[in-house]
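K.L.:
what follows is a predicted protein model with its sequence.
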Amino acid sequence: MLAKTYFGLESVLAKELQLLGARNVKTINRGVSFEGDLGFLYKANLWTRTALRILVPIANFKVRNEDELYKKVKDLDWEDYFEVNKTFVIDANVFARQFKNSLFIAQRVKDGIVDRFRDKTGRRPTVFTKDPDIRINVHISNENVTISLDSSGDSLHKRGYRSEADRAPISEVLAAGILKLTGWDGLRDFIDPMCGSGTLLIEAALMAHNIPPNIFRKNFSFKHWKGYDPELFGLLFDKALEKEKNFHFSIYGFDKEAYVLRKAEKNLRNALMHEQVETAIADFMNFRKPGSFRDTGLVVFNPPYGEKMEADIPALYKGIGDTLKREFAGFEVWVFTSSSEGLKNVGLKPSKKIQLYNGKLESWLVKYDIYKGSKKHVHKD
């Protein structure tokens, strides 16, 4: 199998899969290859927080042109994988000069599948681009073709809890990856002082309680495959619910806009985490630490940058640094941003800087250790 992820999260995903019980785990660019049985395929879709989709390769071959591709696809036993009455779509990724473009490749693969079914059954499956039963992934690198069934269907970042979104919300998978990179383990307080629509809060709460990230999803593509075992999936689903842990610390979310905080609160209710997370209106520039705060904890946030809002970036990030120094001595702080200009104005030296991407935007996850008293300006490399 192959689990796809974002750049920079490959090792995080590999560790997740190993802990779940995957065999022969190997990282590749933006993905992890691994082995497991049918039950593990179901388990990986339920439990992996940093996978975007999980593919099952069914064929590898070489082709020199579109006609060869069509013939090779038509020769595959598609009727063994899904019924003719299922809808399907092709996702094509092409890295080869000899092929026109990915849309044309997707069309030729579709033709091969449809003609195969027509020859075998006298009927043809229908292509649906929106919410199809079956997703088929085609990857072409030079002459090498890999055809895979996409077991997830919709991207696994679509957890099923987010009905409300702030401007340019962070992906759930990226949020979970960020939390994994910070070492969040649910054994201390967690604070997001600019929580937006609450994605980091929800992912942090799900992790702290050991709740599978995709427990709220209504659908996975593997449910439409021939050979789907509903009893096995039901058993794994029920076992997942039994693994919930108690959480003995606090999770806090703040935002300066009431309407934004309402979005976060609605998403928290959807994720059944509204009783586990405390939210309040607060402007981080004038933030004062509540008396309920412990003396230490983990602070993780995604401040505004160009795409999220119009703002005086240098002044904003200087204000962030000032508040961190004033209110969060003794805390471990991680800032995720696409603003290199902003980071230059924080006024704190990072102890760690990890490159990631937020969509197509180059981004950084930056760690600041805020020391108490005279040590607040000391830094570790």
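P.N.:
It's in. Numbers count the residues shown, from 1 in each chain.

K.L.:
for the chain, longest helix please?
P.N.:
helix 102-121 (DSSP state H).

K.L.:
what packs against the very next helix or strand once past that helix?
P.N.:
For helix 102-121, the following helix or strand on the C-terminal side (DSSP states H and E) is strand 126-127. Here strand 126-127 touches strand 87-95, going by 3 or more C-beta pairs under 8 Å, 6 or more residues apart in numbering; DSSP states H and E. Yep, even glycine has a C-beta here, placed from its N, CA and C like the rest.

K.L.:
give me the contacts around the longest helix of the chain.
P.N.:
66, 69-76, 78-79, 84, 88, 90-94, 99, 123-125, 127, 136, 138, 140, 147 (C-beta atoms under 8 Å, 6 or more residues apart in numbering).

K.L.:
can you give me the helices for the protein?
P.N.:
Using DSSP H, helices in the chain cover 10-20, 38-47, 66-75, 102-121, 172-182, 199-208, 230-242, 258-270, 313-327, 340-344.

K.L.:
could you list the buried residues of the third one?
P.N.:
For helix 66-75, the neighbour count (16 or more other C-beta atoms under 10 Å) marks E66, L69, Y70, K72, V73, K74 as buried.

K.L.:
can you give me the neighbour number for V335?
P.N.:
25 (other C-beta atoms under 10 Å).

K.L.:
next: E332.
P.N.:
19.

K.L.:
can you give me the pLDDT of it?
P.N.:
pLDDT recorded at E332 is 96.

K.L.:
quick one, phi psi at Q98?
P.N.:
Reported as degrees, to the nearest 10, the phi and psi values for Q98 are phi -80, psi -10.

K.L.:
shouldn't it be in contact with N65?
P.N.:
Yes: applying C-beta atoms under 8 Å, one finds Q98 in contact with N65, separated by 6.5 Å.

K.L.:
now the contacts of helix 102-121: which count as buried?
P.N.:
Among those, the ones that count as buried by 16+ other C-beta under 10 Å are 66, 69-70, 72-74, 76, 78-79, 84, 88, 90-92, 94, 99, 125, 136, 138, 140, 147.

K.L.:
what ranges in the protein fall below the confidence cut-off?
P.N.:
168, 306-311, 373-381 (pLDDT under 70).
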